[in-house]
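In: A predicted structure for the sequence below; I have some questions about it.
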Amino acid sequence: MVRGKTQMRRIENATSRQVTFSKRRNGLLKKAFELSVLCDAEVGLIIFSPRGKLYEFASSSTQEIIERYKRHTKDRVQPENQAGPQYLQYMQHEAANLMKKIELLETAKRKFLGEGLQSCTLQEVQQIEKQLERSVGTIRARKLQVFKEQVERLKEKEKILAAENAELREKFGSLQQRETPNVEKEGEALCIDGSEKSDVETELFIGLPECRERRL
């Protein structure tokens with residue numbers, strides 16, 4: 001025997017309806033919490049009671065979930081809407097707005113370059129002048145900042161080179177100290193050799209060898 005499906009309908013008794021609402025509401029909130037924890041899903045649940053009381057659950061933030069839902073439904077375009085006349089009309093309207101914006105930007109660019117100023121009033125020219133002055137001030141401030149950064153980099157390089165120079169001087173000084181004793185020893189040796197050579201008889205004698213022997 002196959003039982004037929006029971007048709008769901010509104011509970012007529014107000015007390016029974018309120019009790020059922022409380023039970024089903026708590027069960028639904030519990031299931032939403034379990035789904036967010038077990039499956040690491042971002043869940044948002046909003047319930048309004050028959051009397052207008054709000055019950056809500058959100059795994060992160062209700063407002064953030066709503067904003068995410070709005071962004072998702074806004075960016076999502078159904079295929080049937082792409083071929084519809086309303087979608088085509090919307091795209092034509094957006095294209096016309098973009099063309100107007102591009103035209104305004106091109107006109108402003110020409111005016112900043114000093115072109116097409118014949119149709120400008122005195123107030124428009126003054127506004128363009130003020131905008132250019134602000135732009136020049138911003139550019140100059142950026143230029144000064146770049147100069148300062150370059151000066152700081154050069155100062156850092158100067159410190160590095162000065163440290164390297166001091167290290168090289170120290171090494172050169174130590175080498176000189178090692179070589180100086182050897183030079184002094186060589187000088188002393190030369191002095192000793194000179195003194196020994198000075199003891200050699202260098203006196204000259206004129207005459208026969210006999211006279212020389214007598215003199216000695």
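Out: Looks like it arrived, so ask away.
In: measure stretch 46-55 end to end?
Out: 6 Å (C-alpha to C-alpha, to the nearest Å).
In: what's the average pLDDT for it?
Out: Mean per-residue pLDDT for stretch 46-55: 86.
In: List the neighbours of that stretch that are in contact with it.
Out: Here stretch 46-55 makes contact (C-beta atoms under 8 Å, 6 or more residues apart in numbering) with 17-18, 21, 25, 28-29, 56, 62. (Glycine included, C-beta is placed from N, CA and C.)
In: repeat that with 6 Å
Out: 25, 56 (C-beta atoms under 6 Å, 6 or more residues apart in numbering).
In: Repeat that for stretch 94-110.
Out: In contact with stretch 94-110 (C-beta under 6 Å, 6+ apart) are residues G116.
In: Can you give me the buried ones in it?
Out: For stretch 94-110, a neighbour-count test (16 or more other C-beta atoms under 10 Å) marks nothing as buried.
In: average model confidence for the longest helix anywhere in the chain?
Out: Taking DSSP state H as the assignment, the helix of the chain that covers the most residues is helix 122-198. For helix 122-198, the mean pLDDT works out to 80.
In: Over to stretch 15-30?
Out: Mean per-residue pLDDT for stretch 15-30: 88.
In: Run through who's touching the helix or strand where T73 lies.
Out: Element membership of T73, judged by DSSP states H and E, is helix 62-75. Helix 62-75 is contacted by residues 44, 56, 58 when judged by C-beta under 6 Å, 6+ apart.
In: out of these, which are buried?
Out: Using 16+ other C-beta under 10 Å as the burial test, the contacts of helix 62-75 include 44, 58 as buried.
In: need the contacts of helix 62-75 in a markdown table with distance to T73 and secondary structure, can you?
Out: Compiled in a markdown table, the contacts of helix 62-75 are given as follows (distance: C-beta to C-beta, whole Å; DSSP: H, G, I helix; E, B strand; the rest coil):
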| residue | distance to T73 | secondary structure |
| --- | --- | --- |
| G44 | 14 | strand |
| E56 | 20 | strand |
| A58 | 18 | strand |
